[in-house]
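A.B. asks: Here's my sequence, what's the structure:
(chains A and B, ligands or ions: 1)
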Amino acid sequence: MTNLVEYMLAEHEYCNDLFCDGENLATESKWSELKSVFEKFVMETEKHFAKEEKVLFPHAEQSMGSDAGPTAVMRMEHEQMRALIGNLKPLIEKENKEGFLGETETLLVLMQQHNMKEEQILYPMIDRMVGANLAAVIDAMEAL
Amino acid sequence: MDQPALSLEQTPPLSVPLIFMLSAPFLAALAGITAFVYPESFDERWSPAMLAITHLLTVGFIGMVIVGALQQLFPVLVGVRLSHPVFFSRLIYGGLVMGVLSLCGGFLMVQPKVIGFGGAILGLSFLCLLVRLGSAVFKSKAIANVTKGMKLALVGMLLTIALGLYLAAAYTSSDIPLHRFMTELHFQWGILGWAGMLIITVSYQVVPMFQVTPKYPQKMITWLGPSIFVSLIMITATRFWFFLSGDVATYEISALELVLFCGYSFYAIVTMRLQLQRRRKVPDITLAYWRFGLSCLLAAALIWSLVKGTLIDHQQLELALGVLIIVGFIMSLITGMLYKIIPFLVWLHLTNSIDMSARWELKIPNMKEIIPDRHARNQFRLHLLAVSLILISLLVKWLVPFAAGVFMASNLYLAFNLVRGALMYGHTLQQAQPA
Ligand SMILES: [Fe+2]
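C.D. replies: The predicted model follows:
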């Protein structure tokens, strides 16, 4: 049976790989290839966010009886990441390498410290809350 | 159900970490000025001026940044909130600055009372921090990898403080004997048992995450920290044992130090290997600083084996060892991290406060607009030059003031980069809310 932390960790790693591929292509000024990698990155990231926002976090919020705690911070950081990702698109269009790499540097640090908090603290906590319901939760995420 | 103390939202105010991190390069520059004014301090490892320089670098730079970073990162790394962050940070900051300046001033003016006063203030400030962090880390429910290394580092911190307080008392009062071996222990615990241990522990998180490399091997995470810690404990016990029995323990100590240096070399090699496997190919100033710092650590291990393996004049080689470890290894890694931490914190606090007011459409400057790469690169080059010149000046004496000047310039450049980045915070806020 899959473990929740590992399931989510694999998603983080996949998104990281796409992110790095995009950045590497930008350093080499391969803009047309970058466009498709970037689109994939945006899609996968949104899919991952949706799994958390629509399935995982509500689950935690229900168990805690509040939606003000740690999940609220995670949701806010998702919005911050969305805003940074939004900045990237016009920079690709303008083929602005310096601007693009400046925004991605910021996105990388934001994204990684976010992932770190989820992996170290939040996921293990939700894992304990979910308990025997794990399979159902993963199914719900897969169904999105 | 036991609720882990969750404090993901506990980002302390920007000023809490910043006052420490922005002061650090100025205190390091002060060390450069001291070496410039007292070039003869390089002749003798334990000369008062050398002790002043060493403390300006270790407490003034390394300690300051670590204290600032711990207050910022602790809530995230171990998931425990620290109460009254602003009050305590100001208190500890005042204590550290007053303590280190009195201590170093006391050394330079050869004023035992001032040395004792500075040492006591420093010790108390660090103890205050230690109690806060210690109680938090033992309450933490975060995964053991982080907290275990943190606990070892905190014990290292405690022993460094205890030895330092004893030494300060011995300087002040003629009734308390001053033992050289305790100075050595104070140094080893501070550098390798506390600062180095923290760096290794933080690397396990920071390198895979922010340099996008594979993870450190789990066996290494389990065994390396404890091995280093145990060998330091044994070195301490052996030194005390031989001191009490009146013998000289050259070989025993060397054998134990070999474990210590093998451990640190292993850390350097594994980290450099992980960095070679990194997915991210973008040129990165932090990575450049880390590679240089880890190379210095390996060079230090090599010099250590030279010192122990041969019986040639040790004095200059031992000084080189200290320079490579403090300035080459630890200061480089810390500076590399500062170039990530400060721009990110400025960006984060801007994002949080401008989101809230949300009055104007305003582009928040990204990390590379907060500290431009060009300036960070040039400062890195100056740092390389400074370390090289300091090493050469150990042999070519007349170069000492020159090396000291370049080191000072490099730290003032670092201060310029960091302060300018921090000022961008107020600047951007002003633009967002015109009067
Ligand atoms: Fe997330």
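A.B. asks: okay, CA-based contacts and neighbour counts for the rest of this
C.D. replies: Fine.
A.B. asks: Do I have it right that B:Ala69 meets B:Val16?
C.D. replies: No: B:Ala69 is beyond contact range of B:Val16, at 9.3 Å (criterion: CA atoms under 8 Å).
A.B. asks: what about these two, which has more around it?
C.D. replies: Neighbour count, other CA atoms under 10 Å in any protein chain shown: between B:Ala69 and B:Val16, B:Val16 has more, with 22 against 19.
A.B. asks: and the gap between the more buried one and B:Ile364?
C.D. replies: To B:Ile364, B:Val16 is 22 Å away according to CA to CA, to the nearest Å.
A.B. asks: So A:Leu110 is in contact with A:Met81, correct?
C.D. replies: Yes: between A:Leu110 and A:Met81 a contact is recorded at 7.3 Å, counting by CA under 8 Å.
A.B. asks: Between those two, tell me which one has more neighbours.
C.D. replies: Neighbours per residue, other CA under 10 Å: of A:Leu110 and A:Met81, the larger number sits with A:Leu110, 22 against 19.
A.B. asks: Run through the residues that contact the more buried one.
C.D. replies: By CA atoms under 8 Å, 6 or more residues apart in numbering or on different chains, the contact set of A:Leu110 is A:77, A:81, B:344.
A.B. asks: Following the chain onward from the helix or strand hosting it, which element is next?
C.D. replies: Assessed by DSSP states H and E, A:Leu110 sits inside helix A:97-117. Per DSSP H and E, the first helix or strand lying C-terminal to helix A:97-117 is helix A:123-130.
A.B. asks: now for that following helix, which elements pack on it?
C.D. replies: For helix A:123-130, the elements it packs on are helix A:4-27, helix A:57-64, judged by 3 or more CA pairs under 8 Å, 6 or more residues apart in numbering or on different chains; DSSP states H and E.
A.B. asks: packing partners for the longest one?
C.D. replies: Which is helix A:4-27. Here helix A:4-27 touches helix A:31-50, helix A:97-117, helix A:123-130, going by 3+ CA pairs under 8 Å, 6+ apart.
A.B. asks: ok, 6 Å please
C.D. replies: Contacting helix A:4-27 under the criterion 3 or more CA pairs under 6 Å, 6 or more residues apart in numbering or on different chains; DSSP states H and E are the following elements: helix A:31-50.
A.B. asks: buried ones in the helix it packs on?
C.D. replies: By neighbour count on 16 or more other CA atoms under 10 Å in any protein chain shown, the buried set for helix A:31-50 is A:31, A:34-35, A:37-38, A:40-42, A:44-45, A:47-49.
A.B. asks: just stretch A:61-71 next, same as before
C.D. replies: For stretch A:61-71, by 16+ other CA under 10 Å, it's A:61, A:69-71.
A.B. asks: Please name whichever of these scores lowest on pLDDT.
C.D. replies: On pLDDT alone, A:Gly69 ranks lowest of the buried residues of stretch A:61-71, at 76.
A.B. asks: The stretch 251-400 of chain B: helices as residue ranges?
C.D. replies: Ranges of helices within the stretch 251-400 of chain B are B:285-309, B:315-323, B:332-357, B:367-370, B:373-393, B:400-432, based on DSSP state H, counting those that start in this stretch.
A.B. asks: quick one: the shortest one to chain centroid distance?
C.D. replies: Chain-centre distance of helix B:367-370: 24 Å, with CA atoms, centre = their mean, to the nearest Å.
A.B. asks: Just the C-alphas of it, formatted as PDB.
C.D. replies: Output in PDB follows, covering the C-alpha atoms of helix B:367-370 (Å, rounded to 0.1, in the frame of the first residue of the first chain):
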ATOM      1  CA  MET B 367      15.400  38.000  -5.500                       C
ATOM      2  CA  LYS B 368      17.800  38.900  -8.200                       C
ATOM      3  CA  GLU B 369      16.500  42.400  -8.300                       C
ATOM      4  CA  ILE B 370      16.900  42.600  -4.500                       C
END
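A.B. asks: what mean pLDDT does that helix have?
C.D. replies: 96.
A.B. asks: do the fifth one as well
C.D. replies: Here helix B:373-393 scores 97 as its mean pLDDT.
A.B. asks: Please work out which residues outside it touch it.
C.D. replies: The contact list for helix B:373-393 (CA atoms under 6 Å, 6 or more residues apart in numbering or on different chains) reads B:399-400, B:403, B:406-407, B:410.
A.B. asks: Of all the helices of the stretch 251-400 of chain B, which one comes closest to A:Phe19?
C.D. replies: With respect to A:Phe19, and counting by CA to CA, the nearest of these is helix B:367-370 at 17.1 Å.
A.B. asks: what does that closest one contact?
C.D. replies: For helix B:367-370, using CA under 6 Å, 6+ apart, the contacting residues are A:102, A:106, B:343, B:421.
A.B. asks: Now render the residues you listed as a markdown table, adding distance to B:Leu103 and neighbour count.
C.D. replies: As requested, the contacts of helix B:367-370 are exported to a markdown table (distance: CA to CA, whole Å; neighbours: other CA atoms under 10 Å in any protein chain shown):
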| residue | distance to B:Leu103 | neighbour count |
| --- | --- | --- |
| A:Gly102 | 42 | 19 |
| A:Thr106 | 40 | 21 |
| B:Pro343 | 32 | 24 |
| B:Gly421 | 31 | 22 |
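A.B. asks: Give me the phi and psi for A:Glu95.
C.D. replies: Main-chain dihedrals, A:Glu95, degrees, to the nearest 10: phi 50, psi 40.
A.B. asks: Look up the closest residue to it, ignoring the ones flanking it.
C.D. replies: Spatial nearest neighbour of A:Glu95, chain neighbours left out: A:Trp31 (6.8 Å); criterion: CA to CA, 6 or more residues apart in numbering or on different chains.
A.B. asks: again with A:Met111
C.D. replies: A:Met81 (7.0 Å).
A.B. asks: ok, now B:Ala268?
C.D. replies: Nearest residue to B:Ala268, sequence neighbours excluded (CA to CA, 6+ apart): B:Leu294, at 5.4 Å.
A.B. asks: burial count for that neighbour?
C.D. replies: So B:Leu294, with other CA under 10 Å, has 25 neighbours.
A.B. asks: same question, B:Phe242
C.D. replies: Other residues near B:Phe242 number 14, with proximity taken as other CA under 10 Å.
A.B. asks: returning to what we had before: can you tell me which of the contacts of A:Leu110 is nearest B:Val207?
C.D. replies: Proximity of the contacts of A:Leu110 to B:Val207 (CA to CA) peaks at B:Phe344, which lies at 16.4 Å.
A.B. asks: For the residue nearest to A:Glu95, give me the pLDDT.
C.D. replies: pLDDT at A:Trp31 comes out at 96.
A.B. asks: One more: A:Gln112?
C.D. replies: pLDDT for A:Gln112: 94.
A.B. asks: Is any residue of the worst-scoring helix or strand of chain A on mean pLDDT near chain B?
C.D. replies: Lowest on mean pLDDT, DSSP states H and E among the helices and strands of chain A sits helix A:57-64, with a mean of 85. No: using CA under 6 Å from any CA of the partner chain, we find that helix A:57-64 stays clear of chain B, coming within 9.3 Å at best.
A.B. asks: Toward the C-terminus, what is the element adjacent to that helix?
C.D. replies: Next element after helix A:57-64 (DSSP H and E): helix A:70-93.
A.B. asks: before we move on, back to that, got the angle for the least confident helix or strand of chain A vs helix A:31-50?
C.D. replies: 30 degrees (axes from the mean of the first three to the mean of the last three CA atoms, to 10 degrees).
A.B. asks: Convert helix A:57-64 to CSV, retaining C-alpha atoms only.
C.D. replies: Only the C-alpha atoms of helix A:57-64 are listed here, as CSV (Å, rounded to 0.1, in the frame of the first residue of the first chain):
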residue,chain,number,x,y,z
PHE,A,57,-6.4,20.0,3.3
PRO,A,58,-10.2,19.7,3.8
HIS,A,59,-9.5,16.4,5.4
ALA,A,60,-7.1,17.9,7.8
GLU,A,61,-9.3,20.9,8.5
GLN,A,62,-12.2,18.6,9.3
SER,A,63,-10.1,16.6,11.8
MET,A,64,-8.8,19.8,13.4
